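1. Using only what follows, build the 3D model:
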Amino acid sequence: MITKPEILTLLLTVVVGTAGAALAAIAGIPAPFLSGPALAVTMCGLFGLKLDIPKRIRDACFVLVGISMGTSVTPEIFHAAKSWPLSFVAVVVTVVLLLYCGYWLLHYVFRYDRTTAMLAASPGHLSYIISLSAETRSDLASISIIQSVRVLALTLSVPLIVEYFDLVSTDISAPAAAMNPVVLVVTFACALLLGMLFIRWRFPAALLLGGMVVSVATHITGFTAGAVPPWAIQPTYILIGCLIGLRFYNVSIGELKRAFIAGGVLTIVVVGIAGAIALTISNLTGVPLNAVMIAFAPGGLETMAAMAIMMHADATYVGSHHILRLLFLSFLMPAVLKRTSRPEGRDAGK
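-> Prediction:
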(Lines give C-alpha, C1' and ligand atoms only; values in the text may rest on other atoms or scores of the structure.)
Protein backbone atom coordinates (compact mmCIF):
# COMPACT_ATOMS: atom_id res chain seq x y z
CA MET A 1 0.00 0.00 0.00
CA ILE A 2 1.07 3.58 -0.64
CA THR A 3 1.48 5.46 2.64
CA LYS A 4 0.07 8.93 3.41
CA PRO A 5 3.50 10.66 3.22
CA GLU A 6 4.08 8.99 -0.16
CA ILE A 7 0.69 10.26 -1.38
CA LEU A 8 1.48 13.82 -0.28
CA THR A 9 4.91 13.67 -1.95
CA LEU A 10 3.33 12.25 -5.11
CA LEU A 11 0.76 15.06 -5.17
CA LEU A 12 3.51 17.67 -4.84
CA THR A 13 5.46 15.97 -7.63
CA VAL A 14 2.38 15.95 -9.87
CA VAL A 15 1.76 19.66 -9.17
CA VAL A 16 5.36 20.53 -10.07
CA GLY A 17 5.28 18.33 -13.18
CA THR A 18 1.92 19.68 -14.35
CA ALA A 19 3.10 23.26 -13.86
CA GLY A 20 6.23 22.45 -15.87
CA ALA A 21 4.11 20.91 -18.65
CA ALA A 22 1.83 23.94 -18.74
CA LEU A 23 4.74 26.40 -18.92
CA ALA A 24 6.43 24.31 -21.63
CA ALA A 25 3.19 24.27 -23.65
CA ILE A 26 2.80 28.05 -23.30
CA ALA A 27 6.43 28.54 -24.36
CA GLY A 28 5.86 26.35 -27.41
CA ILE A 29 8.44 23.72 -26.40
CA PRO A 30 7.99 20.45 -28.37
CA ALA A 31 6.66 17.44 -26.43
CA PRO A 32 5.73 19.67 -23.45
CA PHE A 33 4.21 16.86 -21.39
CA LEU A 34 7.66 15.21 -21.23
CA SER A 35 10.11 18.09 -21.49
CA GLY A 36 8.34 20.47 -19.09
CA PRO A 37 8.00 18.09 -16.12
CA ALA A 38 11.55 16.76 -16.62
CA LEU A 39 13.02 20.24 -16.42
CA ALA A 40 10.76 21.45 -13.59
CA VAL A 41 11.41 18.42 -11.37
CA THR A 42 15.15 18.57 -12.10
CA MET A 43 15.32 22.20 -10.96
CA CYS A 44 13.24 21.54 -7.83
CA GLY A 45 15.37 18.52 -6.96
CA LEU A 46 18.59 20.52 -7.25
CA PHE A 47 17.16 23.06 -4.82
CA GLY A 48 16.34 20.33 -2.29
CA LEU A 49 12.57 19.93 -2.69
CA LYS A 50 11.55 16.39 -1.78
CA LEU A 51 9.75 14.83 -4.71
CA ASP A 52 9.08 11.20 -5.59
CA ILE A 53 6.80 8.80 -7.45
CA PRO A 54 5.96 5.44 -5.83
CA LYS A 55 7.15 2.36 -7.70
CA ARG A 56 3.62 1.09 -8.33
CA ILE A 57 2.59 4.34 -9.99
CA ARG A 58 5.77 4.29 -12.09
CA ASP A 59 5.08 0.70 -13.18
CA ALA A 60 1.51 1.59 -14.15
CA CYS A 61 2.86 4.39 -16.36
CA PHE A 62 5.16 2.00 -18.19
CA VAL A 63 2.29 -0.42 -18.84
CA LEU A 64 0.09 2.38 -20.21
CA VAL A 65 2.82 3.63 -22.56
CA GLY A 66 3.24 0.09 -23.86
CA ILE A 67 -0.50 -0.23 -24.46
CA SER A 68 -0.55 3.12 -26.24
CA MET A 69 2.30 2.01 -28.52
CA GLY A 70 0.40 -1.15 -29.47
CA THR A 71 -2.74 0.73 -30.49
CA SER A 72 -0.91 2.18 -33.49
CA VAL A 73 -0.18 -1.26 -35.00
CA THR A 74 -2.11 -2.04 -38.17
CA PRO A 75 -1.76 -4.84 -40.76
CA GLU A 76 0.03 -2.33 -43.02
CA ILE A 77 2.87 -2.22 -40.47
CA PHE A 78 3.91 -5.77 -41.39
CA HIS A 79 4.31 -4.77 -45.03
CA ALA A 80 6.43 -1.78 -44.03
CA ALA A 81 8.55 -3.97 -41.73
CA LYS A 82 10.08 -5.71 -44.76
CA SER A 83 12.56 -2.84 -44.94
CA TRP A 84 13.44 -3.00 -41.22
CA PRO A 85 16.14 -5.76 -41.17
CA LEU A 86 18.73 -3.30 -42.49
CA SER A 87 17.59 -0.85 -39.84
CA PHE A 88 17.94 -3.48 -37.10
CA VAL A 89 21.51 -4.24 -38.18
CA ALA A 90 22.24 -0.51 -38.16
CA VAL A 91 20.99 -0.24 -34.55
CA VAL A 92 23.47 -2.89 -33.42
CA VAL A 93 26.31 -1.16 -35.26
CA THR A 94 25.23 2.20 -33.81
CA VAL A 95 25.27 0.85 -30.25
CA VAL A 96 28.85 -0.38 -30.62
CA LEU A 97 29.96 2.86 -32.29
CA LEU A 98 28.33 5.08 -29.66
CA LEU A 99 29.73 2.97 -26.83
CA TYR A 100 33.34 3.12 -27.96
CA CYS A 101 33.23 6.78 -29.06
CA GLY A 102 31.75 7.68 -25.68
CA TYR A 103 34.34 5.56 -23.89
CA TRP A 104 37.20 7.27 -25.74
CA LEU A 105 35.80 10.71 -24.88
CA LEU A 106 35.25 9.98 -21.18
CA HIS A 107 38.54 8.11 -20.66
CA TYR A 108 41.00 10.14 -22.72
CA VAL A 109 39.44 13.63 -22.54
CA PHE A 110 37.69 13.70 -19.15
CA ARG A 111 40.16 11.26 -17.57
CA TYR A 112 37.71 8.81 -16.02
CA ASP A 113 39.13 5.35 -15.34
CA ARG A 114 38.41 2.74 -17.99
CA THR A 115 35.62 0.91 -16.17
CA THR A 116 33.81 4.10 -15.18
CA ALA A 117 34.17 5.48 -18.72
CA MET A 118 32.81 2.31 -20.31
CA LEU A 119 29.80 2.09 -17.99
CA ALA A 120 29.02 5.80 -18.27
CA ALA A 121 29.29 5.64 -22.07
CA SER A 122 26.72 2.85 -22.42
CA PRO A 123 24.00 4.19 -24.76
CA GLY A 124 21.07 3.27 -22.56
CA HIS A 125 19.82 0.60 -20.14
CA LEU A 126 20.41 2.82 -17.07
CA SER A 127 19.07 0.49 -14.34
CA TYR A 128 21.09 -2.41 -15.75
CA ILE A 129 24.23 -0.27 -15.97
CA ILE A 130 23.85 0.89 -12.36
CA SER A 131 23.54 -2.71 -11.18
CA LEU A 132 26.68 -3.62 -13.12
CA SER A 133 28.48 -0.61 -11.64
CA ALA A 134 27.78 -1.80 -8.12
CA GLU A 135 29.76 -4.96 -8.85
CA THR A 136 32.87 -3.13 -10.10
CA ARG A 137 35.45 -0.69 -8.74
CA SER A 138 34.00 2.29 -10.57
CA ASP A 139 32.73 5.78 -9.76
CA LEU A 140 29.03 5.02 -9.30
CA ALA A 141 28.04 8.65 -8.67
CA SER A 142 29.68 9.89 -11.89
CA ILE A 143 28.15 7.03 -13.89
CA SER A 144 24.68 7.84 -12.55
CA ILE A 145 25.01 11.57 -13.26
CA ILE A 146 26.46 11.17 -16.77
CA GLN A 147 23.78 8.63 -17.70
CA SER A 148 21.03 10.82 -16.24
CA VAL A 149 22.31 13.90 -18.09
CA ARG A 150 22.16 11.86 -21.31
CA VAL A 151 18.52 10.89 -20.70
CA LEU A 152 17.47 14.42 -19.72
CA ALA A 153 19.35 16.07 -22.60
CA LEU A 154 17.85 13.69 -25.14
CA THR A 155 14.37 14.25 -23.72
CA LEU A 156 14.80 17.98 -24.24
CA SER A 157 16.78 17.97 -27.49
CA VAL A 158 15.18 15.28 -29.68
CA PRO A 159 11.78 17.03 -29.91
CA LEU A 160 13.55 20.31 -30.69
CA ILE A 161 15.60 18.65 -33.44
CA VAL A 162 12.54 16.95 -34.92
CA GLU A 163 10.56 20.20 -34.94
CA TYR A 164 13.44 22.47 -36.02
CA PHE A 165 14.09 20.36 -39.10
CA ASP A 166 10.33 20.07 -39.73
CA LEU A 167 10.31 16.30 -39.25
CA VAL A 168 6.94 16.12 -37.46
CA SER A 169 4.68 14.00 -39.62
CA THR A 170 2.09 15.97 -41.56
CA ASP A 171 0.34 12.81 -42.70
CA ILE A 172 -1.71 12.42 -39.54
CA SER A 173 -4.91 10.47 -39.77
CA ALA A 174 -7.95 11.40 -37.72
CA PRO A 175 -7.54 10.47 -34.05
CA ALA A 176 -8.75 6.97 -33.28
CA ALA A 177 -11.76 6.61 -31.02
CA ALA A 178 -10.84 6.16 -27.38
CA MET A 179 -10.91 2.72 -25.80
CA ASN A 180 -13.92 1.86 -23.71
CA PRO A 181 -12.85 2.31 -20.04
CA VAL A 182 -13.81 -1.28 -19.19
CA VAL A 183 -11.77 -2.59 -22.14
CA LEU A 184 -8.85 -0.42 -21.06
CA VAL A 185 -8.95 -1.80 -17.51
CA VAL A 186 -9.04 -5.41 -18.75
CA THR A 187 -6.23 -4.72 -21.23
CA PHE A 188 -4.20 -3.07 -18.48
CA ALA A 189 -4.67 -6.05 -16.14
CA CYS A 190 -3.59 -8.55 -18.80
CA ALA A 191 -0.62 -6.39 -19.77
CA LEU A 192 0.47 -6.08 -16.14
CA LEU A 193 0.35 -9.86 -15.66
CA LEU A 194 2.38 -10.44 -18.81
CA GLY A 195 4.82 -7.73 -17.77
CA MET A 196 5.35 -9.42 -14.41
CA LEU A 197 6.08 -12.66 -16.25
CA PHE A 198 8.60 -10.80 -18.42
CA ILE A 199 10.22 -9.44 -15.25
CA ARG A 200 10.68 -13.00 -14.00
CA TRP A 201 12.29 -13.87 -17.34
CA ARG A 202 14.57 -10.81 -16.96
CA PHE A 203 13.38 -9.06 -20.11
CA PRO A 204 14.46 -5.40 -20.43
CA ALA A 205 11.64 -2.84 -20.05
CA ALA A 206 9.42 -5.77 -19.09
CA LEU A 207 6.28 -3.84 -18.14
CA LEU A 208 6.31 -1.64 -21.23
CA LEU A 209 6.92 -4.70 -23.37
CA GLY A 210 4.02 -6.51 -21.70
CA GLY A 211 1.70 -3.61 -22.45
CA MET A 212 2.84 -3.45 -26.05
CA VAL A 213 2.50 -7.21 -26.69
CA VAL A 214 -1.03 -7.40 -25.26
CA SER A 215 -2.14 -4.26 -27.07
CA VAL A 216 -0.70 -5.38 -30.41
CA ALA A 217 -2.23 -8.85 -30.09
CA THR A 218 -5.70 -7.58 -29.22
CA HIS A 219 -5.73 -4.83 -31.85
CA ILE A 220 -4.44 -7.04 -34.69
CA THR A 221 -7.01 -9.74 -33.92
CA GLY A 222 -9.85 -7.24 -33.51
CA PHE A 223 -10.60 -8.06 -29.87
CA THR A 224 -10.07 -4.40 -28.98
CA ALA A 225 -10.05 -1.15 -30.90
CA GLY A 226 -9.23 2.48 -30.25
CA ALA A 227 -6.48 4.45 -28.55
CA VAL A 228 -5.72 5.03 -24.88
CA PRO A 229 -7.97 7.96 -23.89
CA PRO A 230 -6.30 11.37 -23.33
CA TRP A 231 -7.41 11.45 -19.68
CA ALA A 232 -5.18 8.40 -19.09
CA ILE A 233 -2.22 8.93 -21.42
CA GLN A 234 -1.50 12.65 -20.89
CA PRO A 235 -1.02 12.33 -17.10
CA THR A 236 1.17 9.31 -17.87
CA TYR A 237 3.46 11.45 -20.02
CA ILE A 238 3.72 14.02 -17.22
CA LEU A 239 4.66 11.34 -14.68
CA ILE A 240 7.32 9.91 -17.01
CA GLY A 241 8.73 13.41 -17.43
CA CYS A 242 8.84 13.69 -13.64
CA LEU A 243 10.67 10.37 -13.39
CA ILE A 244 13.43 11.70 -15.65
CA GLY A 245 13.89 14.74 -13.42
CA LEU A 246 13.91 12.64 -10.24
CA ARG A 247 17.23 11.07 -11.28
CA PHE A 248 18.95 14.27 -10.12
CA TYR A 249 17.39 14.17 -6.65
CA ASN A 250 19.89 14.39 -3.76
CA VAL A 251 22.78 15.22 -6.10
CA SER A 252 24.93 18.13 -4.95
CA ILE A 253 26.03 20.93 -7.27
CA GLY A 254 29.64 19.93 -6.68
CA GLU A 255 29.02 16.35 -7.77
CA LEU A 256 27.19 17.56 -10.83
CA LYS A 257 29.82 19.93 -12.21
CA ARG A 258 32.38 17.63 -13.84
CA ALA A 259 29.96 14.82 -14.62
CA PHE A 260 27.37 17.25 -16.02
CA ILE A 261 29.88 18.75 -18.44
CA ALA A 262 31.07 15.27 -19.45
CA GLY A 263 27.50 14.08 -19.90
CA GLY A 264 26.60 17.15 -21.97
CA VAL A 265 29.57 16.76 -24.31
CA LEU A 266 28.90 13.03 -24.58
CA THR A 267 25.27 13.69 -25.50
CA ILE A 268 26.27 16.13 -28.27
CA VAL A 269 28.65 13.53 -29.72
CA VAL A 270 26.18 10.63 -29.62
CA VAL A 271 23.33 12.74 -31.02
CA GLY A 272 25.55 13.77 -33.93
CA ILE A 273 26.59 10.19 -34.69
CA ALA A 274 23.11 8.73 -34.22
CA GLY A 275 21.57 11.53 -36.31
CA ALA A 276 23.95 10.90 -39.22
CA ILE A 277 23.20 7.17 -39.15
CA ALA A 278 19.45 7.84 -38.86
CA LEU A 279 19.56 10.08 -41.93
CA THR A 280 21.37 7.37 -43.90
CA ILE A 281 18.94 4.63 -42.83
CA SER A 282 15.93 6.81 -43.61
CA ASN A 283 17.24 7.42 -47.13
CA LEU A 284 17.98 3.71 -47.68
CA THR A 285 14.74 2.27 -46.28
CA GLY A 286 12.20 5.01 -46.90
CA VAL A 287 11.15 5.06 -43.23
CA PRO A 288 10.23 8.64 -42.23
CA LEU A 289 13.16 10.47 -40.64
CA ASN A 290 11.27 11.45 -37.50
CA ALA A 291 10.72 7.77 -36.62
CA VAL A 292 14.32 6.79 -37.41
CA MET A 293 15.71 9.75 -35.44
CA ILE A 294 13.75 8.80 -32.31
CA ALA A 295 14.46 5.08 -32.80
CA PHE A 296 18.24 5.63 -32.97
CA ALA A 297 18.44 8.23 -30.18
CA PRO A 298 20.02 6.47 -27.15
CA GLY A 299 17.42 7.69 -24.67
CA GLY A 300 15.23 5.77 -22.25
CA LEU A 301 12.88 3.31 -23.92
CA GLU A 302 9.78 4.52 -22.09
CA THR A 303 10.64 8.15 -22.83
CA MET A 304 11.39 7.58 -26.52
CA ALA A 305 8.24 5.46 -26.88
CA ALA A 306 6.10 8.23 -25.43
CA MET A 307 7.90 10.79 -27.58
CA ALA A 308 7.20 8.77 -30.73
CA ILE A 309 3.48 8.90 -30.00
CA MET A 310 3.56 12.62 -29.20
CA MET A 311 5.62 13.49 -32.31
CA HIS A 312 3.38 11.36 -34.58
CA ALA A 313 6.18 8.91 -35.42
CA ASP A 314 5.75 5.16 -36.00
CA ALA A 315 5.68 3.94 -32.39
CA THR A 316 6.05 0.27 -33.36
CA TYR A 317 9.20 1.00 -35.37
CA VAL A 318 10.63 3.09 -32.53
CA GLY A 319 9.76 0.58 -29.81
CA SER A 320 11.13 -2.46 -31.62
CA HIS A 321 14.47 -0.75 -32.27
CA HIS A 322 14.88 0.40 -28.68
CA ILE A 323 14.03 -3.06 -27.34
CA LEU A 324 16.68 -4.54 -29.66
CA ARG A 325 19.17 -1.94 -28.36
CA LEU A 326 18.51 -2.92 -24.75
CA LEU A 327 18.71 -6.65 -25.46
CA PHE A 328 22.01 -6.20 -27.30
CA LEU A 329 23.44 -4.06 -24.48
CA SER A 330 22.46 -6.76 -21.97
CA PHE A 331 24.86 -9.15 -23.67
CA LEU A 332 27.47 -6.63 -24.82
CA MET A 333 28.26 -4.81 -21.57
CA PRO A 334 29.43 -7.81 -19.47
CA ALA A 335 31.72 -8.82 -22.34
CA VAL A 336 33.33 -5.39 -22.75
CA LEU A 337 33.70 -4.95 -18.98
CA LYS A 338 35.89 -8.04 -18.82
CA ARG A 339 38.33 -6.27 -21.12
CA THR A 340 38.20 -2.87 -19.41
CA SER A 341 38.31 -3.99 -15.76
CA ARG A 342 41.97 -5.07 -15.88
CA PRO A 343 44.40 -3.09 -13.68
CA GLU A 344 45.19 0.26 -15.28
CA GLY A 345 48.33 1.37 -13.53
CA ARG A 346 48.40 5.16 -13.34
CA ASP A 347 44.86 5.52 -14.68
CA ALA A 348 43.34 3.64 -11.75
CA GLY A 349 41.27 5.75 -9.44
CA LYS A 350 41.43 8.91 -11.52
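
2. Every contact and neighbour count from this point should use C-alpha atoms.
-> OK.

3. helix or strand for Val270, which one?
-> Here Val270, judged by DSSP states H and E, is contained in helix 253-285.

4. how about that helix: buried residues?
-> Judged by neighbour count using 16 or more other Cα atoms under 10 Å, the buried positions of helix 253-285 are 256, 259-260, 262-267, 269-271, 273-275, 277-282, 285.

5. I'd like the mean pLDDT over that helix, please.
-> When the per-residue pLDDT values of helix 253-285 are averaged, the result is 88.

6. other SSEs contacting that helix?
-> Using 3 or more Cα pairs under 8 Å, 6 or more residues apart in numbering; DSSP states H and E as the contact criterion, the secondary-structure elements in contact with helix 253-285 are helix 84-104, helix 140-164, helix 289-296.

7. which of those helices is buried the deepest?
-> When you average the neighbours per residue for each of the helices and strands packed on helix 253-285 (mean count of other Cα atoms under 10 Å), helix 289-296 leads with a mean of 27.

8. what's the angle from that helix to helix 253-285?
-> With axes from the mean of the first three to the mean of the last three Cα atoms, to 10 degrees applied, the angle from helix 289-296 to helix 253-285 works out at 130 degrees.

9. for helix 289-296, packing partners?
-> Helices and strands in packing contact with helix 289-296 are listed as helix 140-164, helix 253-285, helix 301-310, helix 315-340; criterion 3+ Cα pairs under 8 Å, 6+ apart.

10. Just checking, which helix or strand of the protein averages the lowest pLDDT?
-> With mean pLDDT, DSSP states H and E as the measure, the helix or strand of the chain carrying the lowest mean pLDDT is helix 75-80 (a mean of 65).

11. Any chance of a markdown table for the helices and strands packed on helix 289-296, columns distance to Phe203?
-> As requested, the helices and strands packed on helix 289-296 are arranged in a markdown table below (distance: least, Cα to Cα, whole Å):
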| stretch | distance to Phe203 |
| --- | --- |
| helix 140-164 | 21 |
| helix 253-285 | 25 |
| helix 301-310 | 13 |
| helix 315-340 | 8 |
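
12. Of all those, which one comes closest to Val214?
-> With Cα to Cα as the measure, helix 315-340 is the member of these nearest Val214 (13.2 Å).

13. Flag every buried residue along the closest one.
-> Buried, per 16+ other Cα under 10 Å, within helix 315-340: 315-326, 329-330, 333, 337, 340.

14. Where does pLDDT dip in this protein?
-> 72, 74-81, 127, 130-131, 134-135, 165-176, 204, 250-252, 254-255, 341-350 (pLDDT under 70).

15. Quick test: name the residue nearest the centre of it.
-> The geometric centre of the chain, computed from its C-alpha atoms, lies nearest to Gly300 (Cα atoms, centre = their mean), at 1.6 Å.
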